[in-house]
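From the sequence below, what's the structure:
(2 chains, ligands or ions: 4)
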Amino acid sequence: MISYLIRRILQLVPVLLVASIAIWAMLYAVPGGPVAMIVGQDASQEQIDAATRELGLDRPLVVQYGDWVANAVTGDLGKSIFSKEPVVKLIGQRLPATIQLAVFSLLIALVIGIPIAIISALNPGTWIDRVLSSWSALALAVPTFWLGILLVLLFAVELRWLPSASRYVPFWSAPLDAMRNTFLPALTLGVYVSGILARFLRASLVGELRADYVRTARSKGLPERQIVGGHIMRNALIPFVTIVGLMLANFLGGSVVTEVVFTYPGLGRLLVQAISTRDYPLIQGIILVIIVIFMLINLAVDMLYAYIDPRIEHS
Amino acid sequence: MKSTGTNNLSHAVKKPDTDAVLSVRDLTVSFFTNGKQVPVVRAIDLDVFANEVHCIVGESGSGKSVTSLAVTGLLPVTATVSGSIRLNGIEVNKADDETLRNMRGRDVGFIFQDPATTLNPVMRVGRQITEGQVVHGLLAASDAPGRAAELLTEVDIADPQGRVTQYPHQFSGGMRQRAVIAMAMSGRPNLIVADEPTTALDVTVQAQVLSVLLQRQQALGSAIILITHDLGVVAEVADRVSVMYGGSIVESGTVQDIFDHPCHPYTAALLRSVPRIDAGDDRLETIPGQPPTPAELPSGCVFHPRCALGANKARCQTERPQLRGFGSGQMTACHFAEEMQPDRPAPPARAATQTRRADMKPLLEVDDIKVHFPVKKGILQRTVGWVRAVDGVSLRVHPGETVSLVGESGCGKTTFARAIMGLLDVNAGDVRFDGHSIVGLGRRAMRPVRRQMQYVFQDPYSSLNPVLSAADIVAEPMRLHGLFEDMGGDKRIAELFEMVGLSPSMMGKYPHEFSGGQKQRLGIARTLGLKPRLLILDEPVAALDVSIQAQILNLLQDIQRELDLGYLFISHNLSVVRHISDRVAVMYLGKLVEQGACDEIYENAAHPYTLSLLSAAPISNPGMRNQRARIILRGEIPNPASPPSGCRFHPRCFRATDICRAQAPELATQAGLKTTSICHHAGPLDPNEIALASQPKAEQ
Ligand SMILES: Nc1ncnc2c1ncn2[C@@H]1O[C@H](COP(=O)(O)OP(=O)(O)O)[C@@H](O)[C@H]1O
Ligand code: SF4
Ligand code: SF4
Ligand SMILES: [Mg+2]
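Ligands and ions are numbered 1, 2, ... in the order given. Down below sits the predicted model:
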């Protein structure tokens, strides 16, 4: 298992390399190049030359890239042009908020999605299956911003149960307050993703139900509950884990629309701000973080896979 | 054998037989498909007794599996079941779910066809074996692992303690099926339903599995329903037989009666259409046409469109025959059973195999080729070893000659064929086609050779592109070589259709509109388009039903004669090989262990592996059952990445001595032997040896 883990990590190195080159090269995509970014579009040639020298942009590209990577590895992603704060610090402020929202959203999606999938898979073609499948279709069809606004109008404006703008309150400092603040955006995201998860899990459960080993289990006289819980679920979970990982990665990458609707201080909104102010170092930093998160989650999914599925060779 | 209560049963006497473990009356099953009820099992009567093996034979789609599932209420909810099924005194068709659930696993055990999929891949084998018993309260959960090990011991699995905690993928196919037997037997049921339990297995493993199954049955005194399409298996194990066709039982009786004097034209025709391993025969008799589909059952007697006896009889087309008593103890569903001719005399000895003209040059010459695949391991995926899939094989195929390659699955047959076709790299040795070396030729240089060398695949279902019309499928290879117009265009296609026995009117149809046999004909037509001189046929009839298999084998022989083709025929079915081959090569772990003329291999084999294979193969003659001693080959083919020292066969060989373990034997034609083999102790089988060889011993 350890060797498998190491091998999987080593396989990530080239991916990271390519990604980092692409991100670094973004600087050169700025009109006028990275210098224009610092000195502005209408600077004089002297200013440009000075800045070029100061930033080390007159050095060979390889050296510049090496420098950038070396800094990134030590946690220095440069300074934001807009706020002049270190990029790492800005991201560090937002990341916990995003993680908390992502975890809440995923929990809600699972709590809604899994039972729907199981119930409809076990009663295929019945009215209950049709009702639940329509729910999944609806969850997918309704635009998130629309649902978000609807929820705000209902719970915050009309009923006044929950705040309309969500602050970030760390869960461990004030669990109840944290839940009050995160509930609406998490529900908005969770409902949408529950539709995806329910559809996917239903399809894989229906497939598993037809498998030969299920017939074998019935022929042994096992009760249906044990067949579903003991035999089918574990098999159906194998592909399901991938989808859940993908969804989590998506949440962690920042959920732009939802964060904007609820003015939630997450990574997604930070990215929007960075893009609108052309804050290239910040954009670079956020994208790098998102890519690393994707890779880590992928790794976790693979490990989970190897744990659930004994057929995976990990020696 | 016990009482045979069906003797006095005519359709007038419909009361269930109370002596029987299972008594089925007037069972009809229909499925709701395409908006209407389609009956797939029609008015079946069946009695199965303790200590009895009752075989149900029939071609695919005849309703065998549906019958067996109906017996324990395992059919899907889309099925409508009527009639009476009495199992252990319980009326299955009226029982509630809980009663049925209690019955399963206690009174009935199931063994299904494909051991690769019948076990749950993510649950430990031991748990799967005993969980039924635990659920029924017959076994304490804490005793389960111990009991599972005991059960594995009973089915001859070595290291049962270690195996209990393993997962199914860590078991070989034969071991999985034995584990399934252990599971089915765990509740000491008095009925075991085995649906094609050995169809997916090699003959050697089939022999092991059947012998374990029968041993366990004798120990428990259970009744067995064994479903199969293999008449050899029936002849080897059945006490009584029911033959199904088009959803009905058309004949039943004792195994000896059925084989000696079948009393239904379908049974008689079926028996004539199987190739025999115990006698060479030149040409198979076939049953014209195909088995009916439930949605389009013929009127009257379902067999009438294919029946020679009923050809001009109006009654056959209008009145459905009921199963009735015939002779002493047999039953038939034929109006005119009395008019059947006694079976034709034993098939004439096969016409001498084509003697090769001395001046004839071989079409294909393979010299000592090796195909090795690297085994990669570790973090850096270094090559730590080699799978020696083909390890020094030499072979010749002449024009007009059929050379067969036999051996257990995994011995390297397909790798060998693919290497010859240039689809795999050859590590050593030479392949010459028509005198020219073709090893290492580039794609372009290989093209003209490819034209003359075509490959026919095993699976007619997946080897045809579903979105192309039949005509396009046949034209494709010619188009790829840019020769479609040169070879005659559409006219050529029509010609090819006729050559393989398909009507040119089917040219516009798509693969899904063809039956299995027709698809295989299409596959053959496709390869003939470019006028090849050599066909490599990889298990071309393995996926087909017996009556269709006979049609395709005859077709292959006709085409060969007409076009003077060389065939390299790959098969694990020894009866088929005996029927079609001029020469036979036996492969084991990447090496040819014995080669010779077809009849010599079957009658005068000298290599212990060949002798074991032949001994394991079922013979379609129940009279031979007790006269024939069996060598049950132990274990399964070892991993070719680390073949055993010395002679590769020594761990399984009944003749192995010290020299075999130490030193690899060389290829030799020894004085007095009619074949060429690689063995230190080659020679015919001595009766004393068999007694020694068939001693049961747990496998490694
Ligand atoms: N669940 C099902 N729904 C509809 N038709 C079915 C179903 N199961 C089997 N059949 C049909 O019943 C017929 C008999 O099938 P089966 O008993 O499996 O044949 P056999 O075991 O003899 O090959 C086939 O035509 C098959 O297509
Ligand atoms: S009833 Fe007629 S068609 Fe059917 S098997 Fe007998 S003779 Fe043939
Ligand atoms: S060489 Fe020895 S082990 Fe090998 S087949 Fe011959 S007798 Fe058996
Ligand atoms: Mg079947």
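
For the rest of this, base every contact and every neighbour count on C-alpha atoms.
OK.

Just say helix, strand or coil for residue B:670.
coil (DSSP: H, G, I helix; E, B strand; the rest coil).

My read is that it contacts residue B:676, right?
Yes - with contact defined as CA atoms under 8 Å, residue B:670 counts as touching residue B:676 (7.4 Å).

Give the residue from the two that has the larger number of neighbours.
residue B:676 (22 against 15; other CA atoms under 10 Å in any protein chain shown).

Look at the residue nearest to the more buried one when sequence neighbours are not counted and say how many residues are nearby.
Leaving aside its sequence neighbours, residue B:676 sits nearest to residue B:669 (CA to CA, 6 or more residues apart in numbering or on different chains; 4.6 Å). Residue B:669: 15 surrounding residues under other CA under 10 Å.

before we move on, what about residue A:261?
By other CA under 10 Å, neighbour count at residue A:261 equals 20.

ok, it - contacts?
With CA atoms under 8 Å, 6 or more residues apart in numbering or on different chains as the criterion, the residues that contact residue A:261 are A:145, A:148, A:149.

got it, and residue A:95?
Contacts of residue A:95 (CA under 8 Å, 6+ apart): A:266, A:267.

Correct me if wrong, but it is in a helix.
Yes - counting by three-state DSSP, residue A:95 falls inside a helix.

where does the stretch 151-300 of chain A have low pLDDT?
Low-confidence segments of the stretch 151-300 of chain A, defined by pLDDT under 70, span residues A:254.

Quick one: the helices in it, in order.
Assigned by DSSP state H, counting those that start in this stretch, the helices in the stretch 151-300 of chain A fall at A:175-209, A:212-219, A:224-226, A:233-252, A:256-261, A:267-276, A:280-308.

how near is the residue nearest to residue B:676 to residue B:677?
7 Å (CA to CA, to the nearest Å).

How about residue B:587?
Taken as CA to CA, the span from residue B:587 to residue B:677 is 11 Å.

Need the residues touching each of those two.
By CA under 8 Å, 6+ apart, the residues touching both residue B:587 and residue B:677 are B:593, B:594.

Which of the two has more residues huddled nearby?
More crowded of residue B:587 and residue B:677, by other CA under 10 Å: residue B:677, with 28 against 22.

So which residue is dead centre in chain B?
residue B:199 (5.0 Å; CA atoms, centre = their mean).

In contact with that one, which residues?
By CA under 8 Å, 6+ apart, the contact set of residue B:199 is B:113, B:114, B:206, B:228.

do residue B:119 as well
A:212, A:213, A:216, B:125, B:128, B:168, B:176, B:180.

Filtering those by proximity to ligand 2, which remain?
With the criterion set as CA under 6 Å from any ligand atom, no member of the contacts of residue B:119 is near ligand 2.

Just the CA trace of stretch B:442-456, in CSV.
The C-alpha trace of stretch B:442-456 is given here as CSV (Å, rounded to 0.1, in the frame of the first residue of the first chain):
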residue,chain,number,x,y,z
GLY,B,442,6.6,-3.3,-41.3
ARG,B,443,2.9,-2.5,-41.7
ARG,B,444,3.2,-1.9,-45.3
ALA,B,445,5.3,-4.9,-46.1
MET,B,446,2.9,-7.0,-44.1
ARG,B,447,-0.2,-5.9,-46.0
PRO,B,448,0.0,-8.2,-49.0
VAL,B,449,0.7,-11.1,-46.6
ARG,B,450,-2.3,-10.1,-44.3
ARG,B,451,-4.5,-10.5,-47.3
GLN,B,452,-3.7,-14.1,-47.6
MET,B,453,-3.9,-14.8,-43.9
GLN,B,454,-7.2,-14.1,-42.2
TYR,B,455,-8.4,-14.5,-38.6
VAL,B,456,-11.8,-15.7,-37.5
